[in-house]
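> Need a 3D model of the following:
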Amino acid sequence: LNSIRVTYSGLISFAVALLSVITGTIFVIMVTRKLTPDELGLWTLIGSIVGYVTIIDPIVTYWTTRQIARGEQVGKTALATNGLFSGGAFAIYIGASVFVSYSLGADLWLLILASALVPLTFFTNTLNSICLGFRPQAVSYGLIVFESTKVPLGIIFVVLMPLGIIGALIATIGASLANTIFLLYASKEQIFGIIQKNVIKFWLKLSWLSLYGSSYGLIWKFDVLAFSLLTSSLMGLAYWGIAASVTNIVAYSGKISQALYPKLIATGKIEIATENLKRSLYFAIPILAANIIFVKPILHIVNPIYMDGIIIVIIISLRAFANIFMGFFFTILEGTENIDENKNATFKQFIKSNLFLKPTLMNILSASYVVSLVIFLVFFKTPAMSDIYLVTIWALILLAMTIIFTIVGIIFVRKQFEIKFSYIPILKYFGTVIIASIITQYVSEKVLIYNESIFEFIPQVIPLLVLGGGIYFGITYLIDNSTRLLFNSIINEIRRKFA
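Alright, predicted model coming up:
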């Protein structure tokens, strides 16, 4: 679909992601301040189990995005097929819940309550894959529906009632349902006609490739389970969950590249990728800097008992930044491949394609990461090591592996494509963010008072964020022509919308 506008959709995705960060942070504060560390650890574990059992949904979602991006009407078929798959995944989840409850002494009924997330995840992922193929910004709108619904439900069930982790689960389930309903409406024009048996046969025929492509997620998610089983520490999982939540904003800056994948599938034009990366970095660089500078205030807001996890958050933030690069280069490999347009392509042809190369690299990355973590926990962990120390090493392993495979991704892309990067603007971004960071850090040390009440503390932090952002965006607007063009195009788009 050549009508997909990469920068436009990307900026909408990014803007919505920033709004969702605000609402998401509010929910995180509610959860972290109302749940005990053990409950927060169980919360993290539940997310991991749900991720395990939904690992088969790419059999449908992987091909759905690619086919819809090329104009094929497979939406209804995708929903029906993944609906059947969700039933089997639900049964597997129940079995896994019994095992985890027995192994860790976790409340089985809590795990069963969370089982509602399994079918909801299947339907949400399917609808997201449909929207991504023809209207990428709808995925972002769905995210804001999810986050903004979760906050009032969290206030009711977590803060006012309060129901603890049960309330958090009810809020998440309710928000997921709202997101699913919205996405169903957004994708309605793609969900019609008959269920195409030949399409299902095609998906099942190539299920080995889509499952292989998603298997790295199954391996990857073993990190949380391995850590919990080898350390019996829900407190460690709490620190990990906090770090993941706090660093989401860095990962969200990569949302600007959300529409790049379907655009590459539809057009195959590699030149749009380099401009997209520059746009992503323009926002990712200052967000990374803010996450590092304000890590102590952020943790104070989330919950002061996790203040000694500062180093963990910084490491995970750096990893999220590196992951933007890795995801970008892997997207080029996968998005420019068109072997699946040939419905009679052989197994050997698929093996030689980038559709096989990308998941192969991801599987090696995931296995290397998890094996390294397990080796450390089995052979090098000592009773004297604290939860903070263990999670810090865990984060360092993740960062190291991400950097290594980012370099690998760059090498493979450069072998296949001639890509010219604009280094000068990116150097300007880094130089400007250093100036803004120094000034903001200096001022924050002079004025910040760590009040116990977050309602007194947050109003101190907001002006500092505005100060740092104002310096960065102001200077880059003055010294960088591409930044002026970006801001002018945003202003013109707003004027056009309201004209």
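> so the closest residue to Val447 other than its chain neighbours is in which element?
Using Cβ to Cβ, 6 or more residues apart in numbering and skipping the chain neighbours, the partner closest in space to Val447 is Gln460 (6.8 Å). C-beta: built from backbone N, CA, C; applies to glycine. Gln460 belongs to helix 454-479 when assigned by DSSP states H and E.
> and if you look at Ala106?
With DSSP H and E as the test, Ala106 turns up in no helix or strand.
> measure it to Val98 for me?
Relative to Val98, Ala106 is positioned 10 Å away (Cβ to Cβ, to the nearest Å).
> Tell me which of those two has more neighbours.
Per other Cβ atoms under 10 Å, whichever of Ala106 and Val98 has more neighbours is Ala106, with 20 against 12.
> Over to the more buried one: give its phi and psi.
When read as degrees, to the nearest 10, the backbone of Ala106 gives phi -80, psi 150.
> show me what contacts it?
Each residue near Ala106 by Cβ atoms under 8 Å, 6 or more residues apart in numbering is listed here: Leu42, Leu45, Val100.
> Can you lay out those residues as TSV showing secondary structure and distance to Gly83?
As requested, the contacts of Ala106 are exported to TSV (DSSP: H, G, I helix; E, B strand; the rest coil; distance: Cβ to Cβ, whole Å):
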residue	secondary structure	distance to Gly83
Leu42	helix	29
Leu45	helix	27
Val100	helix	26
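> CSV for the residues you listed, including distance to Lys205?
As requested, those are exported to CSV (distance: Cβ to Cβ, whole Å):
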residue, distance to Lys205
Leu42, 40
Leu45, 35
Val100, 34
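> TSV for those residues, including neighbour count, pLDDT and distance to Lys446?
Shown next, in TSV, are the contacts of Ala106 (neighbours: other Cβ atoms under 10 Å; pLDDT from 0 to 100; distance: Cβ to Cβ, whole Å):
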residue	neighbour count	pLDDT	distance to Lys446
Leu42	25	81	41
Leu45	22	81	41
Val100	21	80	48
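> name the element the residue most central in space within the chain belongs to?
For the chain, Ala251 is the residue whose C-alpha lies nearest the centre (Cα atoms, centre = their mean; 6.1 Å). In the assignment (DSSP H and E), Ala251 maps to helix 248-252.
> Mind checking the pLDDT average for that helix?
For helix 248-252, mean pLDDT is 75.
> Let's see it as PDB, backbone CA atoms only.
Taking C-alpha atoms only, helix 248-252 is exported to PDB below (Å, rounded to 0.1, in the frame of the first residue of the first chain):
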ATOM      1  CA  ASN A 248       9.600   1.900  28.100                       C
ATOM      2  CA  ILE A 249       9.800   5.600  27.000                       C
ATOM      3  CA  VAL A 250      13.200   4.900  25.400                       C
ATOM      4  CA  ALA A 251      11.800   1.900  23.500                       C
ATOM      5  CA  TYR A 252       8.700   4.000  22.400                       C
END
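> so what does that helix touch, helix or strand wise?
helix 6-34, helix 271-293, helix 310-335 (3 or more Cβ pairs under 8 Å, 6 or more residues apart in numbering; DSSP states H and E).
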